[in-house]
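Novice: Structure of the sequence below:
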Amino acid sequence: MGTVIVTYKIFPEDIVENFDPIKTQIQNNLPKTAEISGYGQEPVAFGLIALLVQIRFPEEESGLVDQLEQTLSSIKGISQVQTMMVRRSSR
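Specialist: Presented below is the predicted three-dimensional model:
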């Protein structure tokens with residue numbers, strides 16, 4: 001079976017210099033079948049930077065995209081989460 005790769009755009013509650021605490025919280029809140037494929041950053045406005053997170057999980061697990069978005073939104077320090085891209089990979 002393939003996997004699904006989802007890119008989330010995560011907006012912090014305030015201007016953040018170091019995303020390491022948020023990255024740790026994201027890792028701690030992932031389902032056991034999910035793994036982080038990578039991180040990125042995107043400038044938004046006036047010094048605010050959004051964190052981009054790519055998460056991979058098995059495609060046979062339905063409902064994880066929305067469930068994970070809600071889980072990430074509940075993490076302290078995160079104000080908003082947007083699902084940016086969902087794609088399937090055969091690897």
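Novice: Pull the number of nearby residues for residue 29.
Specialist: If you count neighbours by other Cβ atoms under 10 Å, residue 29 ends up with 13. For the C-beta atoms, the positions are set from N, CA and C on the backbone; glycine is no exception.
Novice: Point out where the chain drops to low pLDDT.
Specialist: 91 (pLDDT under 70).
Novice: one more time with 80
Specialist: Along the chain, the model assigns pLDDT under 80 to residues 1, 61-62, 90-91.
Novice: how about the strands in it?
Specialist: With strands called from DSSP state E, the chain shows them at 3-12, 35-45, 48-58, 78-89.
Novice: Save those strands as TSV, and put in distance to residue 29 and mean neighbour count too.
Specialist: As requested, the strands of the chain are exported to TSV (distance: least, Cβ to Cβ, whole Å; neighbours: other Cβ atoms under 10 Å):
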stretch	distance to residue 29	mean neighbour count
strand 3-12	12	19
strand 35-45	11	12
strand 48-58	11	18
strand 78-89	10	13
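Novice: got those strands as TSV, with distance to residue 66 columns?
Specialist: Listed next are those as TSV, based on distance: least, Cβ to Cβ, whole Å:
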stretch	distance to residue 66
strand 3-12	10
strand 35-45	18
strand 48-58	13
strand 78-89	8
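Novice: Nearest to residue 19, out of the ones you listed?
Specialist: Among these, strand 48-58 comes nearest to residue 19, with 5.1 Å by Cβ to Cβ.
Novice: Could I get the CA-only coordinates of the closest one as PDB?
Specialist: Extracted C-alpha coordinates of strand 48-58, given in PDB (Å, rounded to 0.1, in the frame of the first residue of the first chain):
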ATOM      1  CA  LEU A  48       5.500  36.400  11.700                       C
ATOM      2  CA  ILE A  49       6.700  33.100  10.300                       C
ATOM      3  CA  ALA A  50       4.600  30.000   9.700                       C
ATOM      4  CA  LEU A  51       6.000  26.500  10.200                       C
ATOM      5  CA  LEU A  52       5.400  24.000   7.400                       C
ATOM      6  CA  VAL A  53       5.300  20.400   8.500                       C
ATOM      7  CA  GLN A  54       5.100  17.400   6.200                       C
ATOM      8  CA  ILE A  55       3.600  14.300   7.800                       C
ATOM      9  CA  ARG A  56       3.400  10.800   6.200                       C
ATOM     10  CA  PHE A  57       1.000   8.100   7.200                       C
ATOM     11  CA  PRO A  58      -0.500   4.900   5.600                       C
END
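Novice: Okay then, goodbye and thanks.
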